[in-house]
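Engineer: Below: sequence and its predicted model.
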Amino acid sequence: MSTADERSSQAALADFVIWKTHTTHDIGSNQDAYGFSNTEQLDCDYVDKHMKEQPAHDDISQWWGVRCKGCNEHHPTVIEWHNEMGHFTAYENRGWAMVDTSDNVKGHCGRPDGIETYDCNFFGATTHLELMIRCDNDYNSDPIND
């Protein structure tokens, strides 16, 4: 886990960040999803009230959600999302270029130096968040979370 000071110095580099979330419910069910925020300086109140989770899908051409190659191994190589922000893909092998469906570069993303995580305990559930990428461009997470 990184310290608050380290996250603060990195937050200025990004217009939004994508988190992988894993929620374990006390009743025994688990859920993997993704969350978007404009900051890396999260607290559990923000996660609970403002970060709407996006479902994980293998094919998001027709569905809203997030497709991520390598996220379960803590090393994403491709992250594609289709939601209120638009439909974009960030590719590690292209220097983390963020491109639209017409292959136009709309910004750049990057991986954190280490694994950055948060854990939040809610009534009946625990959510574990891991930062996947941060992106610097003209977009932010407001359309998704508002």
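Structural biologist: Okay, I see it.
Engineer: Hmm, Thr39 is touching Val17, no?
Structural biologist: Yes: in this structure, Thr39 sits in contact with Val17. The criterion is CB atoms under 8 Å, and the distance is 7.3 Å. All C-beta spots, glycine's among them, are computed from the backbone N, C-alpha and C.
Engineer: Of the two, which one has the most company?
Structural biologist: For the pair Thr39 and Val17, the greater number of neighbours falls to Val17 (25 against 16), based on other CB atoms under 10 Å.
Engineer: That one is in what secondary structure piece?
Structural biologist: strand 16-25 (DSSP states H and E).
Engineer: how near is the nearest residue to Gly124 once chain neighbours are set aside to Thr127?
Structural biologist: Counting by CB to CB, 6 or more residues apart in numbering, Asp26 is the residue found nearest to Gly124 once chain neighbours are left out, at 4.7 Å. From Asp26 over to Thr127 the distance is 12 Å, taken as CB to CB, to the nearest Å.
Engineer: These two: which is more packed in?
Structural biologist: Summary of the neighbour comparison: Asp26 and Thr127, criterion other CB under 10 Å, with Thr127 having more neighbours (23 against 9).
Engineer: From the contact counts, what lies against the strand holding Val17?
Structural biologist: Contacting strand 16-25 under the criterion 3 or more CB pairs under 8 Å, 6 or more residues apart in numbering; DSSP states H and E are the following elements: strand 30-37, strand 125-137.
Engineer: and it, which strands flank it?
Structural biologist: With DSSP bridges as the test, strand 16-25 is paired with strand 30-37 (antiparallel), strand 125-137 (antiparallel).
Engineer: The chain: strands as residue ranges?
Structural biologist: Taking DSSP state E, the strands of the chain run over residues 16-25, 30-37, 54-55, 65-69, 78-83, 86-91, 97-100, 105-110, 117-122, 125-137.
Engineer: Could I get those in a markdown table, plus columns for mean pLDDT and distance to Asn145?
Structural biologist: Output for these, formatted as a markdown table (pLDDT from 0 to 100; distance: least, CB to CB, whole Å):
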| stretch | mean pLDDT | distance to Asn145 |
| --- | --- | --- |
| strand 16-25 | 89 | 10 |
| strand 30-37 | 87 | 7 |
| strand 54-55 | 78 | 10 |
| strand 65-69 | 91 | 14 |
| strand 78-83 | 93 | 10 |
| strand 86-91 | 95 | 15 |
| strand 97-100 | 96 | 19 |
| strand 105-110 | 94 | 18 |
| strand 117-122 | 88 | 16 |
| strand 125-137 | 90 | 14 |
